[in-house]
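> Structure of the sequence below:
(one chain, ligands or ions: 2)
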Amino acid sequence: MPAPTSAATRQAIAEAAAHLRAGRLVAFPTETVYGLGGDATNERAVAEIFAVKGRPRFNPLIVHVPGLAQAENCAVFNAAAHRAAKRFWPGPLSLVLPRREGCGLSSLASAGLDTVAIRAPDHPMAQALLRATGRPIAAPSANRSGRVSPTAVVHVAEELGDKVAMILDGGPTPVGLESTVLDLSGATPALLRPGAVTLELLTELLGPIAEPGDGAPKSPGMLRAHYAPNLPVRLAATEARPGEALLAFGRGAPSGFAEILWLSRSGDLAEAAANLFAMLRRLDRPCFTRIAVMPIPERGLGRAINDRLRRAALGEH
Ligand code: TXA
Ligand code: MG
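Ligands and ions are numbered 1, 2, ... in the order given. Down below sits the predicted model:
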């Protein structure tokens, strides 16, 4: 039976929190994408998250908390982590830090590693749910493993609707890309996944940061092709090829495409990020040969957009 979808009433939050405390799964909105939540201290609930997503067990989850105080019960914060959390939390930044001994977190949540990724989401429903539950919530993006992350409640209902106790409806997610993942557990900060807290902002606060490809540590989840639509994706397209649909960016688009959706007509990267996954889903139809994407500048949020697009283009077809 499909899970009931509920708008943000106090009663819906209380019901969702009761499901979580009983070890059941709840999908909920965050400012980045929808999450598939389970009690991070309950090994069985966490195992269920992996099963429902079809996610490989070597790929750890992000633990969600209301703020720094609760995060410090789960992880050991160093000076850089304090600075980052104070500046960017609540917000789209996950910090990889050493797990605190005796933290009570499921070891499966961090895939047996001695680190844990943790963040405080900046979304009123996510905050209300975390506070009502009173426990850390492990939540990957609420899509089937390997698919594009959900930015609207219909995406969640399509892929996981019959697998969760409840879906909280917060409307479209404002950021639209998954959180930045920053590893602060080693000697040098390392960017594991670019996101809305940009490399430029992090460098300004923390100094030099190792990037993927620098020989920096990698996230287990970033090792394989990810975020793949069914159609092939062609990047930096400047002309049409037969049967292609286009994701356009900025003023004007080359002619000859079968269909065009505009990530942002004004060239606004935040608008493009918020539209990216929903538009990829809308164009992912067998009547087209391919999804072509116009060039996106490799700066600020553009890095995160290009990262997700490169992964979409890597999908096995
Ligand atoms: O915006 C987000 O982060 C969303 C919302 C729901 O909060 N969640 C999300 O979770 O994107 P997920 O599971 O789809 O992505 C988590 C990423 C993966 O690439 C995973 O490998 C990495 O974080 N990660 C988690 N724990 C880690 C750890 N201890 N060390 C290194 N990477 C880790
Ligand atoms: Mg994901």
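> Which strand residues bridge the spatially closest residue to Ala312 that is not a sequence neighbour?
Excluding the flanking residues, the one nearest Ala312 by CB to CB, 6 or more residues apart in numbering is Val233, at 4.5 Å. In short, each C-beta sits where N, CA and C put it, glycine included. Val233 forms beta bridges with Ile291, as assigned by DSSP bridges.
> What separation do you get for Val233 and Arg282?
For Val233, the distance to Arg282 equals 14 Å [CB to CB, to the nearest Å].
> which of these two has more neighbours?
More neighbours surround Val233 than the other of Val233 and Arg282, with 24 against 14 (other CB atoms under 10 Å).
> Ser264: what's it in contact with?
By CB atoms under 8 Å, 6 or more residues apart in numbering, the contact set of Ser264 is Phe249, Gly250, Glu271, Ala272, Asn275.
> Now Ala273: which helix or strand?
helix 269-283 (DSSP states H and E).
> Now that helix: average pLDDT?
The pLDDT scores in helix 269-283 average 98.
> Return the alpha-carbon coordinates of it using PDB.
Extracted in PDB, the C-alpha atoms of helix 269-283 (Å, rounded to 0.1, in the frame of the first residue of the first chain):
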ATOM      1  CA  LEU A 269      23.300  29.000 -11.000                       C
ATOM      2  CA  ALA A 270      21.100  28.700  -7.900                       C
ATOM      3  CA  GLU A 271      18.000  28.500 -10.100                       C
ATOM      4  CA  ALA A 272      19.700  26.000 -12.400                       C
ATOM      5  CA  ALA A 273      20.600  23.800  -9.400                       C
ATOM      6  CA  ALA A 274      17.100  23.900  -8.100                       C
ATOM      7  CA  ASN A 275      15.700  22.800 -11.500                       C
ATOM      8  CA  LEU A 276      18.400  20.300 -12.500                       C
ATOM      9  CA  PHE A 277      17.100  16.900 -11.200                       C
ATOM     10  CA  ALA A 278      13.400  17.600 -11.900                       C
ATOM     11  CA  MET A 279      14.200  18.600 -15.500                       C
ATOM     12  CA  LEU A 280      16.500  15.600 -16.000                       C
ATOM     13  CA  ARG A 281      13.600  13.400 -15.000                       C
ATOM     14  CA  ARG A 282      11.200  15.300 -17.300                       C
ATOM     15  CA  LEU A 283      13.400  14.900 -20.300                       C
END
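> how about the helices in the protein?
10-21, 43-53, 68-74, 79-88, 124-133, 153-160, 199-206, 269-283, 301-314 (DSSP state H).
> The fourth one and ligand 1 in contact?
So the one you mean is helix 79-88. No: applying CB under 6 Å from any ligand atom, one finds helix 79-88 out of contact with ligand 1, separated by at least 12.8 Å.
> Pick out the most distant pair among the contacts of Ser264.
The distance between the two most remote of the contacts of Ser264 (CB to CB) is 13.3 Å, for Gly250 and Asn275.
> who has more neighbours, the two?
Counted by other CB under 10 Å, Gly250 and Asn275 do not tie: Asn275 has more neighbours, with 22 against 17.
> Please verify my assumption that that one contacts Leu269.
No: judged on CB atoms under 8 Å, Asn275 makes no contact with Leu269 at a distance of 10.8 Å.
> Kindly tell me how buried the nearest residue to Lys86 once chain neighbours are set aside is, as a neighbour count.
Using CB to CB, 6+ apart and skipping residues adjacent in sequence, the residue nearest Lys86 is Leu68, 7.2 Å away. By the criterion of other CB under 10 Å, Leu68 has 16 neighbours.
> Could you report the pLDDT at Leu68?
Reported pLDDT for Leu68: 98.
> per-residue pLDDT, Thr314?
Residue 314: Leu, not Thr. Leu314 is given a pLDDT of 85.
> for the protein, which spans come out with low pLDDT?
Scanning the chain for pLDDT under 70 picks out 1-2, 213-219, 221-227, 315-317.
> Residues of it that sit close to ligand 1?
So the chain meets ligand 1 at 30, 32-33, 35, 59-62, 94, 96, 110, 113, 115-117, 121, 139-141, 178-179, 181, 192-193, 219-222 (CB under 6 Å from any ligand atom).
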